[in-house]
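Visitor: task: produce atomic coordinates for the following.
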Amino acid sequence: MDDAGANLSAQMGAMGRGARQATVALRLADAATRTRAIAAMAAAVRAASAGIIAANARDVAAARGAGLAPAMVDRLLLDATRVEAMAQGLETVAAIPDPLGVETERWDRPNGLDIARVRTPIGVIGIIYESRPNVTADAAALCIRSGNAVILRGGSECLGSNLAIHAAVATGLADAGLPETCVQIVRTADRTAVGLMLTGLDGALDLIIPRGGKSLVARVKDEARGVAVLGHLEGLCHVFLHASADLAKATAIAVNAKLRRVSVCGAAETLLVDSADAQRLLPPVAKALSDAGCELRGDARARSLVPGMAEATEDDWRTEYLAPILSVAVVDGVDGAAAHIAAYGSAHTDAIVAEDLVAAERFATLVDSAIVLINASTQYADGAEFGFGAEIGIATDRLHARGPVGAEQLTTYKYVVRGTGQTRP
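Guide: Numbers count the residues shown, from 1 in each chain. Below you'll find the predicted structure:
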């Protein structure tokens, strides 16, 4: 290892030790102190808005110069409206009920033992993310709310933005009397830092959460050693139009799910249409999508109903476009839709549009995704829309946390057993 590598390794090791020490302060801090810290972060973000936007403008210019895809640039971009939304998100997290110390269950045993299951912090979390600088603020707030220390490593394309936001976060922590080591950020674009985090930083990290593209998540899952990973896969989201769907409702949901923001992970990438009434549903929905600027790529049955639709390839069913492109398939009922989603989906978010609520509930039972919606757009796959204030991401693993990961999902639990002198015979 050269001098630069040794220096970075030492820096990362120090961050890990600092984070571990900070967990003690967080466990001792009461809910009101953590609330003050998050509220102070929001105030500091507002006060630093001009500086954050200026740093972001430099990042965006560099990203465009490097040929970053438009969808990724959109994720990266901050303006006054988005910075204000970031501050409001922090305030929402400050206002949500504190999850720590909550008894999720309590019971007595015949021997007189009183057993309680209580929410407690995970410890130290490492978050590795790309493109979205708002994650810096969201992650900081959610980790403080849940009593976890965190080490953030954002993408090189938004390093300046992340550092500016982190400076506001540090101000908020200091204002509340919490150590700045509660929320630390890797200050270099050197990818070696990611590799060091994946080793667990000598046991300092308890959990790593990757948030980004498929390649990032795959690398983290493949290379993490000695530290757990909570996965967030890409959003291969589907909208299924059941034969009973109301046409106006189906059209509005399909257009919104795809085109409200094509760059978010909750954007629909495949439209499935029930063969039992595809003739009624697909042509007008396809026209509405096309008129709104969406390119459609369909299977043979879809193309027979919509002349001029491009042919879908096998790869289309597995592609997260993050662009105004939608693949279209005609399937046979709820079971056909569920089978298609099982074969090609990422267990992220899938929706059905149906007036037949028996069919809708069957879809919700068969489709094993983190989020299943009935008669609503997939664009609701968002922690803020769930009332969490913000999210670390949408978890697609089948662990204790699935769907939007908010403060409560960043806790684990312990058992507190109270006795009166019992000894086991």
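
Visitor: contacting residues around Ser369?
Guide: 341, 345, 347-350, 396 (CB atoms under 8 Å, 6 or more residues apart in numbering). C-beta coordinates here come from the backbone N, C-alpha and C atoms, glycine included.

Visitor: tell me which strands and helices the one helix or strand Ala6 maps to is in contact with?
Guide: Assigned by DSSP states H and E, Ala6 belongs to helix 3-28. With contacts taken as 3 or more CB pairs under 8 Å, 6 or more residues apart in numbering; DSSP states H and E, helix 3-28 sits against strand 114-121, strand 124-129, strand 149-153, strand 183-185, helix 192-198.

Visitor: need the ones you listed in TSV with mean neighbour count, mean pLDDT and distance to Ala47, can you?
Guide: TSV is the format used below for these (neighbours: other CB atoms under 10 Å; pLDDT from 0 to 100; distance: least, CB to CB, whole Å):
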stretch	mean neighbour count	mean pLDDT	distance to Ala47
strand 114-121	16	97	29
strand 124-129	27	95	24
strand 149-153	26	97	21
strand 183-185	25	98	17
helix 192-198	20	93	29
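
Visitor: other residues contacting stretch 268-276?
Guide: If you take CB under 8 Å, 6+ apart as the criterion, stretch 268-276 is touched by 235-243, 245, 254, 257-258, 281-282, 285, 289, 301-302, 317, 319-321, 326-333, 336-337, 340-341, 344, 351, 378.

Visitor: again, 7 Å this time
Guide: Outside stretch 268-276, the residues that touch it by CB atoms under 7 Å, 6 or more residues apart in numbering are 236-243, 254, 257-258, 281-282, 301, 317, 319-321, 326-333, 337, 340, 378.

Visitor: buried only: go through these for me.
Guide: Among the contacts of stretch 268-276, those buried by neighbour count (16 or more other CB atoms under 10 Å) are 236-243, 254, 257-258, 281-282, 301, 317, 319-321, 326-331, 333, 337, 340, 378.

Visitor: select from these every entry located in helices.
Guide: 254, 257-258, 281-282, 301, 333, 337, 340 (DSSP state H).

Visitor: so which of the residues you listed is the closest to Gly172?
Guide: Ala257 (35.6 Å; CB to CB).

Visitor: on the pLDDT front, check the closest residue to that closest one other than its chain neighbours for me.
Guide: Excluding the flanking residues, the one nearest Ala257 by CB to CB, 6 or more residues apart in numbering is Ala268, at 3.8 Å. At Ala268, the model reports a pLDDT of 98.

Visitor: again with Met1
Guide: 58.

Visitor: and what of Gly212?
Guide: Residue-level pLDDT assigned to Gly212 equals 76.

Visitor: the closest residue to it other than its chain neighbours: what's it in contact with?
Guide: Closest residue to Gly212 apart from its sequence neighbours, by CB to CB, 6+ apart: Glu130 at 3.5 Å. By CB under 7 Å, 6+ apart, the contact list for Glu130 reads 155, 212-213, 216.

Visitor: only the buried subset of these, as a PyMOL command please.
Guide: The command below creates a PyMOL selection of those among the contacts of Glu130 that count as buried (16+ other CB under 10 Å):
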select buried, resi 155+212+213+216
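
Visitor: which among the contacts of Glu130 gets closest to Leu201?
Guide: Lowest distance from Leu201 to the contacts of Glu130 (CB to CB) belongs to Leu216, with 18.6 Å.

Visitor: secondary structure element holding the closest one?
Guide: Assigned by DSSP H and E, Leu216 falls in helix 214-223.

Visitor: quick check: next helix or strand after that helix?
Guide: strand 228-229.

Visitor: that following strand pairs with which strands, and in what direction?
Guide: Here strand 228-229 is paired, per DSSP bridges, with strand 207-211 (parallel).

Visitor: from the ones in helices among the buried ones among the contacts of stretch 268-276, which is closest to Leu207?
Guide: Nearest to Leu207 among these is Ala257, at 31.0 Å by CB to CB.

Visitor: how close does the closest one sit to Val194?
Guide: In this view, Ala257 and Val194 are 33 Å apart by CB to CB, to the nearest Å.

Visitor: the spatially closest residue to Leu230 that is not a sequence neighbour bridge partners, please.
Guide: Leaving out its chain neighbours, the residue that sits closest to Leu230 by CB to CB, 6+ apart is Ile209, at 4.9 Å. Applying DSSP bridges to Ile209 gives these bridge partners: Ile127.

Visitor: repeat that for Ile352.
Guide: Here Ile352, judged by DSSP bridges, has bridge partners Phe240, Ile374.

Visitor: residues near it, how many?
Guide: Using other CB atoms under 10 Å, Ile352 has 30 other residues around it.

Visitor: verify the contact between it and His242 for me.
Guide: Yes - at 5.9 Å, Ile352 and His242 qualify as touching, with contact defined as CB atoms under 7 Å.
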